[in-house]
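Colleague: coords please:
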Amino acid sequence: MGEQLNQNTVDDFIPSLNQTTDEVAWDLYRKAIRFGTWDPAAIDLGQDKKDFEAIDDDLKGYLIHFCTGFLDAEENVALKFCPWIMLGSSTEQQAFLSTQLVEEFKHTEFFMRYFQEVFGRERIVGVKNIVQQKLDDRVKMMLAALEKGEEEREAALVEGLTHYQGIIEGVQAMTGYDVYEAVFGSKGLFPGLAEGFARIKEDEGRHVGFGLRMLKLLARNPEHAKRIRGLYDEYLPYILIRYDQPVIVDGREYPTPPEVQGRERLTKMFERRLKDIFGKPVAR
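Modeller: Numbering: from 1, shown residues only. Okay, here's the model as predicted:
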């Protein structure tokens, strides 16, 4: 299992521009078929339940809040992702993007199962993720673009890729994996959650890699480069809210573990993604 989980990183999925976009999309589609076959229902959560019962109330509260953020995000995009597929400009691109839709539902299933079997409760309400909430408007704009010309469709796809693969997955989710490792994984806690995150991160490595590769190519157009940078800058304050907000579960506020360092991790990942797209550090 370890070989499969570690064979692909986001960096591996940001190929050079020597291949055509359709070749890249088809390669990633084939990787999804070969390596994306894990079953969320097959991950053993027995030790996780014991670990959850053993940790203190502060860590319990933080973990419930943290996993709610992931469940909300995975479910939200799973229910809204079809326009990204529809705006793909070729069979190869749509084939790869269709694998992402299935994988988002698998990720949703994993976290739903985790709440039921480990936490023994429903998710909480009120975890702020403004970038995720803005997907409602993004979907409407992308659907409207389907009825327009090629230029408008491409512009809508650029903004959609920036919003989801570039920011939500590329910055927020990737930072979340680092937070989990710092707070829980480094202590050997929650092996089932660790395996789930490893599987999800491998899936999202394909998603983010394709999105960043597309954005790197499309940023050659100055208008698209302006769109990409504009969305990153517009969303940065909302990105930072994800780990700046109070951790409140059932009306009680819990402390944020010192290992989280959310603002620092998010800022570092934000700058890394801009470098992935534009090829060098970009002054803000």
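Colleague: right, and the helix or strand after the helix or strand where residue 137 lies?
Modeller: Residue 137 belongs to helix 135-145 when elements are defined using DSSP states H and E. Next in sequence after helix 135-145, counting helices and strands by DSSP H and E, comes helix 150-161.
Colleague: just the C-alpha atoms of that following helix, please, in CSV.
Modeller: Extracted as CSV, the C-alpha positions of helix 150-161 are listed here (Å, rounded to 0.1, in the frame of the first residue of the first chain):
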residue,chain,number,x,y,z
GLU,A,150,-15.3,29.7,-27.2
GLU,A,151,-13.6,32.8,-25.7
GLU,A,152,-16.2,33.1,-22.9
ARG,A,153,-16.1,29.3,-22.3
GLU,A,154,-12.4,29.4,-21.9
ALA,A,155,-12.5,32.4,-19.5
ALA,A,156,-15.1,30.6,-17.4
LEU,A,157,-12.9,27.4,-17.3
VAL,A,158,-9.8,29.5,-16.3
GLU,A,159,-11.7,31.0,-13.3
GLY,A,160,-13.3,27.6,-12.4
LEU,A,161,-9.9,25.9,-12.4
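Colleague: related to what we said a few turns ago, and the helix holding residue 137, what's its mean pLDDT?
Modeller: Model confidence over helix 135-145 averages 96 on the pLDDT scale.
Colleague: next, the buried residues of it.
Modeller: In terms of neighbour count (16 or more other C-beta atoms under 10 Å), helix 135-145 has its buried residues at 135, 138, 139, 142, 145. In short, each C-beta sits where N, CA and C put it, glycine included.
Colleague: before we move on, what about stretch 36-45?
Modeller: When burial is assessed from 16+ other C-beta under 10 Å, stretch 36-45 yields the following buried residues: 36, 38, 40, 43, 45.
Colleague: cool, stretch 85-103 as well?
Modeller: 85, 87-88, 92-101, 103.
Colleague: in this structure, which spans are strands?
Modeller: In the chain, strands defined by DSSP state E lie at 247-249, 252-254, listed in chain order.
Colleague: deepest-packed of those, please.
Modeller: Each of these was scored by mean neighbour count; the highest is strand 247-249, a mean of 18, by mean count of other C-beta atoms under 10 Å.
Colleague: how close does the spatially closest residue to residue 265 that is not a sequence neighbour sit to residue 61?
Modeller: Nearest in space to residue 265, with sequence neighbours left out and distances taken as C-beta to C-beta, 6 or more residues apart in numbering, is residue 175 at 4.7 Å. Counting by C-beta to C-beta, to the nearest Å, the separation of residue 175 from residue 61 is 20 Å.
Colleague: comparing these two, which residue is more hemmed in?
Modeller: Neighbour comparison, residue 175 and residue 61: the larger count goes to residue 175, with 24 against 19 (by other C-beta atoms under 10 Å).
Colleague: my read: that one touches residue 272, true?
Modeller: No: with contact taken as C-beta atoms under 8 Å, residue 175 and residue 272 are classed as non-touching, separated by 10.2 Å.
Colleague: where does this protein dip in pLDDT?
Modeller: Scanning the chain for pLDDT under 70 picks out the ranges 1-18, 280-284.
Colleague: I figured residue 154 hits residue 218, correct?
Modeller: Yes: Residue 154 lies in contact with residue 218 (C-beta under 8 Å); the separation is 7.4 Å.
Colleague: identify the contacts common to those two.
Modeller: residue 224 (C-beta atoms under 8 Å, 6 or more residues apart in numbering).
Colleague: looking at these two, which one has more neighbours?
Modeller: Each of residue 154 and residue 218 had its neighbours counted (other C-beta under 10 Å), and the higher figure belongs to residue 218 (21 against 17).
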